[in-house]
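Colleague: sequence isn't available, so here's the structure alone:
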């Protein structure tokens, strides 16, 4: 509960030796994480100086609209960002006492207490963390599973890889053996040889049963196209559980599903999380899902976490006008409010050249002031509770009409830039 | 809309007085009336299949839908994916040929229109499609997209008086429309890829407005959009409705959007309307167990929602290739009615029905259970595993004997016989015949409402008994012709009484 004053926290983390102070229950501390994509059109700042922490056995929600960078932030956590994307700065501190002891002498800057900065660890070690430390449930189960391999085999494969990795942690060889050239040739000649041992197949069936798939023994031998969307999502969760992860990252796990099936999957995720005391990072655009599942929330906009705090902080006393707007945009199921209060305009492009040194939301913000035209640091939202942080000058001062930007300020600026 | 209101219409207007839109336009005659609409798709229906002697199988996408849309109102059609709501929207505009049924638009039968008449109908009824990324031609400018309809319908009919050419007139009209939907008229020469999703959906709406329609089918117009943009579009649609007196058929899966924008709602499940009524009634006192389950499942965006555990419906939507007999929802319904001969807690009855359904429809085999057991051929463990999976522990008396019997048969690998045994003892009235929509203004297609005695507040455990008191005896056994007529008579009575109930409700 004692993160230092956020503005300085960022600075402290950036020159970074040692994990910043935090709650002792933290299992993951993300500091100043930035991910950029270097495309032909220019540099895209998909994730921009993101800070958050995830605690033991909690569900941390990341909510934002499409293009807000929430999925890329998740991929950055486990270093799965592909070219042309690159994590350009930041630290991902993960609590693992054994790993910390192992690297305390060799890489002192990557270790702080029980925490290791996975970004500074060697690539192989970082990769070995995927599975037992972090694993991910991807958004679209239809395209995330291989259509030509049975569901059971795909899960068994994950089990097998984790098993070998556990026997010999951090050996790349142990993860790839039996998947090499020799194996390929043998399999070409003997196409019916499975890739997986019977014991990992049995474990896969157990996992399928655990996630509530009926007749798991039978369904394990079916192909993804024989599963319904909800069942596939369950299979994806089973696969993610193969390594018994400490942190499960669920990227829009219910977006492709109908509401009754969504309720099943959310119940399942909650049961698993409580049973195994896993921490979950829940990424979604649906504020309802956030409300049902999460303890604490981060709201993302244009690559930044603009507001974070407990569920009550964010939903009941939001400070950032974007959070307010987001909540005002949702029709209430129990009260047909006569009029929605949408946010004007559209989500900005994240091209570097089009992002000035200002609050990224200022051009859509109903309360934009001249103070918003500078880089906005993170402020504590209210005194005495530094868990609720917000990237908005309104945390520090009241809105005043006198400082308000003229309504057409950004349109005019755009024209000027267009003329140049 | 200024026809003298018939007595019937008067009633309706009063009933719907909560709906400002309906009341304002005095919606006495429905603008659109759909009766028994069916749309089947056939598989194995090619010449080749016929040569091989394969039977064509039908997928019943829409299976007997009745709807009315009154002038100036918004009717919501809501349901899960695959329930046939989009097909309904497209079929009633004759964008797809219906298999059966009639659609009357302002008194004309849409299905019987000749080509010329159809062209005129198209001017009056438009559609906005779901996906703004694939419903706009990427090689046309938005100006051309918006004015294409005008060109096809040869508008304006005469050259404008101010000396503009028809082409210029159309272009000016496109500018006006773009401005009206919140885009800039300067963007007229841009291509769709230059716009964001919300802007494209605005173009789609401008296109639908170009011909000054009276009626627009909105097929999931906001489901591809982010919430902040979704709210803009919903507000726009409301404004346009007020300004041009439009009538909407709003297809959506998002219940909170439906609640916000619709005057009346029809809930669909597996190609059928299971409940219909004024929005407030449906959301505040849903009748059909499916509607209840839908409402229960939706996550609310508020702090009270935290940690709320939903009694989720079990299982998936059955395949429309082979929908369940009787009530389509019975395979998932938590309130499925017990036959007169059975009186057990509802969860256990649901468990028995789940086991039966798996045996009958999902190819459940005893072998798959044996595989999960460690000991070979241990019948006790086998039965225990099933009892646990299907919540069957704690049964007693004759019911327990029957279930034990069936499990024993199943353990011996005779799945069909086990299913027969269960069917004989536990056949629900819900599978005997299809429920019809009853209840007047707020109607539900559910056997729980087939007779006034089956009040929705009735303890579900007692529903079976109540059933037994009326027509359950015949229905539990072999359905005799007599039993059928009796049931039909009952339901006709029920319609009347429910309607009078409803009239009272309206007066109150």
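Modeller: Nice, thanks for sending it over. Bear in mind the structure is a predicted one, so any value in this text is a computation, not a measurement. Numbering: from 1, shown residues only, chains lettered A, B, ... in the order given.
Colleague: before we move on, what SS does residue B:179 have?
Modeller: Secondary structure, DSSP: H, G, I helix; E, B strand; the rest coil: residue B:179 is helix.
Colleague: now do the spatially closest residue to it that is not a sequence neighbour against chain A, distance only.
Modeller: For residue B:179, ignoring the flanking residues on the chain, the nearest one in space by C-beta to C-beta, 6 or more residues apart in numbering or on different chains is residue B:185 at 5.2 Å. C-betas here are computed from N, CA, C, even on glycine. As judged by C-beta to the nearest C-beta, to the nearest Å, residue B:185 and chain A stand 15 Å apart.
Colleague: am I right that residue B:185 is in contact with residue B:173?
Modeller: No. Applying C-beta atoms under 8 Å as the test, residue B:185 and residue B:173 come out as separate, 11.0 Å apart.
Colleague: neighbours of the closest residue to chain A within the stretch 251-400 of chain B, how many?
Modeller: Residue of the stretch 251-400 of chain B nearest chain A, by C-beta to the nearest C-beta: residue B:299 (3.0 Å). By the criterion of other C-beta atoms under 10 Å in any protein chain shown, residue B:299 has 24 neighbours.
Colleague: now stretch B:260-271: average pLDDT?
Modeller: What stretch B:260-271 shows for mean pLDDT is 94.
Colleague: now the end-to-end length of that stretch.
Modeller: End-to-end distance for stretch B:260-271, by C-alpha to C-alpha, to the nearest Å: 24 Å.
Colleague: in that stretch, what's buried?
Modeller: Of the residues in stretch B:260-271, B:260-271 count as buried by neighbour count, 16 or more other C-beta atoms under 10 Å in any protein chain shown.
Colleague: same thing with stretch A:303-320?
Modeller: A:303-311, A:313-315, A:318-320.
Colleague: from those, which land in strands?
Modeller: If you go by DSSP state E, these have A:304-310 in strands.
Colleague: thinking again about what came up before, more crowded one of residue B:185 and residue B:173?
Modeller: A count of neighbours by other C-beta under 10 Å puts residue B:173 above the other of residue B:185 and residue B:173, at 18 against 15.
Colleague: quick check: that one touching residue B:212?
Modeller: No. Contact between residue B:173 and residue B:212 fails when scored by C-beta under 8 Å: they sit 10.1 Å apart.
Colleague: residues contacting the residue nearest to residue B:179?
Modeller: B:175-176, B:178-179 (C-beta atoms under 8 Å, 6 or more residues apart in numbering or on different chains).
Colleague: rerun that using 7 Å as the cut-off
Modeller: By C-beta atoms under 7 Å, 6 or more residues apart in numbering or on different chains, the contact set of residue B:185 is B:175, B:178-179.
Colleague: derive a ChimeraX selection command for the buried subset of these.
Modeller: The buried subset of the contacts of residue B:185, as determined by 16+ other C-beta under 10 Å, is captured in ChimeraX by this line:
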select /B:175,178
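Colleague: what are the ranges of the helices in the stretch 51-200 of chain B?
Modeller: For the stretch 51-200 of chain B, the helices defined by DSSP state H, counting those that start in this stretch occupy B:85-92, B:115-124, B:142-152, B:166-180, B:197-209.
Colleague: buried ones in the third one?
Modeller: It stands for helix B:142-152. Buried-residue list, helix B:142-152, by 16+ other C-beta under 10 Å: B:142-150.
Colleague: name the SS class of the closest residue to residue A:63 other than its chain neighbours, please.
Modeller: Excluding its sequence neighbours, the residue lying closest to residue A:63 (C-beta to C-beta, 6+ apart) is residue A:290, at 5.1 Å. Secondary structure for residue A:290, judged by three-state DSSP, is helix.
Colleague: give the contact list for residue A:290.
Modeller: Taking C-beta under 7 Å, 6+ apart, one finds A:61, A:63, A:284, A:297 in contact with residue A:290.
Colleague: can you tell me the residue of the stretch 101-250 of chain B closest to chain A?
Modeller: Going by C-beta to the nearest C-beta, chain A is nearest to residue B:231 of the stretch 101-250 of chain B, at 3.3 Å.
Colleague: secondary structure element for that residue, which one?
Modeller: If you go by DSSP states H and E, residue B:231 is part of helix B:227-244.
Colleague: which outside residues touch that helix?
Modeller: A:65, A:285, A:325-326, A:329-330, A:339-340, A:342-343, A:346, B:74, B:181-182, B:197-198, B:201, B:205, B:209, B:218, B:221-222, B:225, B:246, B:248, B:257, B:260-261.
Colleague: make a ChimeraX selection of the buried ones in these.
Modeller: Per 16+ other C-beta under 10 Å, the buried members of the contacts of helix B:227-244 correspond to this ChimeraX selection:
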select /A:65,285,325,326,329,330,340,342,343,346 /B:74,181,182,197,198,201,205,209,218,221,222,225,246,248,257,260,261
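Colleague: narrow the contacts of helix B:227-244 to those in helices?
Modeller: A:325-326, B:197-198, B:201, B:205, B:209, B:257, B:260-261 (DSSP state H).
Colleague: ok, of these, which one's closest to residue B:374?
Modeller: Among these, residue B:257 lies closest to residue B:374 (C-beta to C-beta), at 50.3 Å.
Colleague: show me what contacts the residue nearest to the closest one when sequence neighbours are not counted?
Modeller: Distances taken as C-beta to C-beta, 6+ apart place residue A:331 nearest to residue B:257, at 5.6 Å, with adjacent residues excluded. Residues in contact with residue A:331 (C-beta under 7 Å, 6+ apart) are A:337, A:340, B:256-257, B:259-260.
Colleague: contact partners for residue 219?
Modeller: Looking at chain A here, since you left the chain open. Counted by C-beta under 7 Å, 6+ apart, residue A:219 has contacts A:151, A:208, A:213.
Colleague: not quite, I wanted chain B
Modeller: B:86, B:89, B:127-130, B:251.
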